[in-house]
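> A predicted structure for the sequence below; I have some questions about it.
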Amino acid sequence: MSSVEKQDELAAERRYVSDLYAHLDAEKAEAAARLEEESGRTEGARLWERDARTAHWSRRLSQLRAAENGLCFGRMDRVDGIRSYIGRVGLFDDEVDEPLLTDWRAPGAQPFYCATEAAPGGIVRRRHFRTRGRLLLGFHEDVLVSADGSETVGADSAIISSLSAPRGESMRDIVATIQAEQDEIIRLDRPGVLVIEGGPGTGKTAVALHRVAFLLYHHRERLSRRGVLVIGPNAGFLRYIGSVLPSLGETDVVLAAPGELYPGVTATAEDGAEQAKIKGDASMVDVLRRAVADRQEIPREPIEIELSDVAVHVDAPLAEQARERARSVGLPHNPARRVFREHLGALLVRQAVCRIGEGWLNTDGSADLYDELAADVRAELRSHPGFHDAVERLWPALTPQRLLAELFSSHDRLAAAAGGGACLAALYRSADEAWTIPDAPLLDEAAELLGEDLVEEHRQANQKKQDAQDYAVGVLQILDSHDDHDDESLRASDVIDAASLAGRQEEGDHRELAERAAADRNWTYGHLVVDEAQELSPMAWRVLMRRCPSRSATIVGDLAQRHSSAAAGDWSAVLSHYVGDRWAYRGLSINYRTPIEVMAVAANVLRAFAPGLKPPDSVRHGDKPWRRRVEADALTDALRDAVEQEAKADGRSIAVIAAPQTLATVAVPEDAVALTPAAAKGLEFDVVIVLAPDEILRDGEHGGADLYVALTRATRRLGILHTAVPPACLAGGDDRWAEVSATGRAIPLSPTGK
Ligand SMILES: Nc1ncnc2c1ncn2[C@@H]1O[C@H](COP(=O)(O)OP(=O)(O)OP(=O)(O)O)[C@@H](O)[C@H]1O
């Protein structure tokens, strides 16, 4: 295409895109007006109708607003002459009854992502638009089949220019440049569990999030009622990915880190490797069971309760009898407490009446008198502090927090909970220590074993909730059975379920779905996404699977990047317990983050610690990495120089990654963010400087994987500051490294001067 033709084409595309924005503005105005009208409606509409329509218009408005930047990002022309524009939302021209813009998730948009020169799939031309705000800056064109039928070479410049752009603080969506191997996974519309595995930078996170947007688009009613739970390794990572789904117009999503799996607790403290391994093991289910059983006590000495006419005694056989009765009903600990209290009370009443009537009360002949006396004793016991204390001591009401805090701070309780199995002494700690991340799944497991907290206020709250839900179920049934519907119209239960409607009945609960779901331990989600899934322990998987009984899940990870010693080493070990072998696996093989030069260094490290694994192939070139060796006491100065040098190029994000013990000894300049390899998981930066890699390798069971993670965070440049002879996996290969001018006190890399 000549440059004049290209200018004409660009002008035509600009006119089209400008019309699309005019259409978008009109739709936004319409949606805002309808939203205002519905939310201000106080009469003439039933409550559920108003809520449903408000939700509908509110969602449409957020989607239209989210589409503002880069509304339209491409065009494709088919062999039959039909032309489609692809964008963030679908727009339709009612006047001419034709689509103006096809939503990227619609089936009609798929060829835009999949057509290749080898398999053009009926597409002759594809254009990728470059935009800034509302402005169309230019386009890249792939001619997939030339006019004379011979295939021509297309360009992948759209993705290369997207990947070469500097990275900001948060991840961007990739709708404009999804690649064919990613598209196949995003659009995989099968129920059940899907595992996505791939090396660093292969787009696993991006693909999983776009898959959520795809599933919400196609199964909106089912999924937005229950929401989607996305689990990521830590708060920093969740912040980093947090704007991707909103930028795609999706908000019914809860993002949480493993330390937040138990509502009300936000655990960020790490455990030592030994503790984490014990706490994450599935055997903790039995440990907790024994810990609960251990709290159902038998007194060593009889407990005396002084009544007005007689003293009664809770001795071992009596307590044993009450405990067996309470255990036999099969309820969790807290609800079973009522059975224990009633049975113990009954046994004590019998004991009291026998003592009071000893010698004069004949139970055969004076039943009325016996009953009268028993009623008096029962009434007295009911409010007797001694009786309450005895019940509290022998079968205490327990919260998960109390159970765990009292277990970890008692050598005796830990020994009892071990029950002859592996020793739990390493878990000992004081009662007031902060919750650790591996504690969160244990708290949730404990909540299962203890049962709903049946103290009065909770009982009442639950009752209120149940009443509201019963009411809501009734409302929905009546509305659905009495309304006349044609097939196209909304039914009450299509747009709102009983739990949501009940939620809105409850006074003052105007929270969004995501907020309500995050606060409710019993909430079950429509779909689950687990990122960095290779890190999760069997105990964490139990909680997650409880939150997702439908087993509709996208699991994303890379076993080569595994840091945790508590996690399983293969996917079947994780999943077989929940879904047998009924899960699908897809791999990603192209690294979109790390330049070829940096990946060559990282691949050597991977080969050293996991020789069987193949590193992903990078798609683009970048700078050669640099390395330098300094004395340990010169590390801060060398780092300051290096950061200063890298910061000269404006707008570059810089990370310094090192083992915790190294970070503790250096001052990291303000222009850079300091991270351990574990905290750097899933993140990326324009420039990464790794300090003392030998320390990273030495730190813990998976030092090799940690170093591999650290080296693969760079999108442009990698630098390494050694304080010792480089480890074998980073030594040699001089042609792989850039020359660096050694300012300051640099010393030879190794004693041989290499
Ligand atoms: N199709 C694409 N178009 C543009 N950018 C892409 C594409 N696929 C991936 N990327 C970019 O590549 C980078 C790496 O993606 P992502 O973080 O999803 O990889 P990952 O496999 O989860 O990596 P890691 O395992 O290292 O955490 C991100 O900047 C992402 O936006």
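Looks like it came in fine.
> ok, the closest residue to Asp271 other than its chain neighbours - how many residues close by?
With C-beta to C-beta, 6 or more residues apart in numbering as the criterion, Asp271 has its nearest non-adjacent residue at 4.5 Å, and that residue is Thr436. C-beta here means a position set from N, CA and C on the backbone, and glycine is covered the same way. Using other C-beta atoms under 10 Å, the number of residues around Thr436 comes to 19.
> and Thr436, what pLDDT?
Looking at Thr436, its pLDDT stands at 97.
> and Gly74, by the same measure?
95.
> any idea what it is bridged to?
Ile86, His128 (DSSP bridges).
> in contact with it, which residues?
If a contact means C-beta atoms under 8 Å, 6 or more residues apart in numbering, then Gly74 has 85-87, 112, 126-129, 176 as its contacts.
> just the residues you listed now: which is nearest the ligand?
Minimum distance to the ligand across the contacts of Gly74 is 7.5 Å, recorded for Ala176 (C-beta to the nearest ligand atom).
> does that closest one touch Phe73 like I think?
Yes - with contact defined as C-beta atoms under 8 Å, Ala176 reaches Phe73; the gap is 3.8 Å.
> now for those two: what residues contact both?
Common neighbours of Ala176 and Phe73 are listed as 128-129 (criterion: C-beta under 8 Å, 6+ apart).
> can you name the residues that contact the residue positioned nearest the centre of the chain?
Centroid-nearest residue in the chain, with C-alpha atoms, centre = their mean: Ile231, separated by 0.9 Å. For Ile231, the contact set (C-beta under 8 Å, 6+ apart) comprises 256-258, 261, 528-531, 536, 544.
> helices - which of these land there?
Applying DSSP state H to the contacts of Ile231, the entries found in helices are Leu544.
> now the contacts of Ile231 as CSV including distance to Leu404 and neighbour count?
Formatted as CSV, the contacts of Ile231 follow (distance: C-beta to C-beta, whole Å; neighbours: other C-beta atoms under 10 Å):
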residue, distance to Leu404, neighbour count
Ala256, 20, 20
Ala257, 19, 19
Pro258, 16, 24
Leu261, 14, 24
Leu528, 25, 22
Val529, 28, 26
Val530, 24, 26
Asp531, 27, 25
Leu536, 19, 25
Leu544, 19, 23
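> so which of the contacts of Ile231 belong to strands?
Among those, DSSP state E puts 256, 528-530 in strands.
> tell me who's in contact with Leu588.
With C-beta under 8 Å, 6+ apart, Leu588 has these contacts: 181-182, 185, 196-199, 202-204, 207, 616.
> again, only using 6 Å
Neighbour list for Leu588: 198, 202 [criterion: C-beta atoms under 6 Å, 6 or more residues apart in numbering].
> now Trp737
Per C-beta under 6 Å, 6+ apart, neighbours of Trp737: Arg627.
> can we see that at 8 Å?
Contact partners of Trp737, counting by C-beta under 8 Å, 6+ apart, are 624-627.
> do the same with Asp432
Applying C-beta under 8 Å, 6+ apart to Asp432 gives the contacts Ala405.
> thinking again about what came up before, out of the contacts of Ile231, which is nearest to Asp315?
Nearest to Asp315, judged by C-beta to C-beta, of those is Leu261 at 42.4 Å.
> what does the stretch 151-300 of the chain put close to the ligand?
Neighbours of the ligand within the stretch 151-300 of the chain, by C-beta under 6 Å from any ligand atom: 159, 162-163, 171-172, 174, 177-179, 182, 198, 200-206.
> with the contacts of Trp737 in mind, which one is nearest to the ligand?
Nearest to the ligand among the contacts of Trp737 is Pro625, at 17.0 Å by C-beta to the nearest ligand atom.
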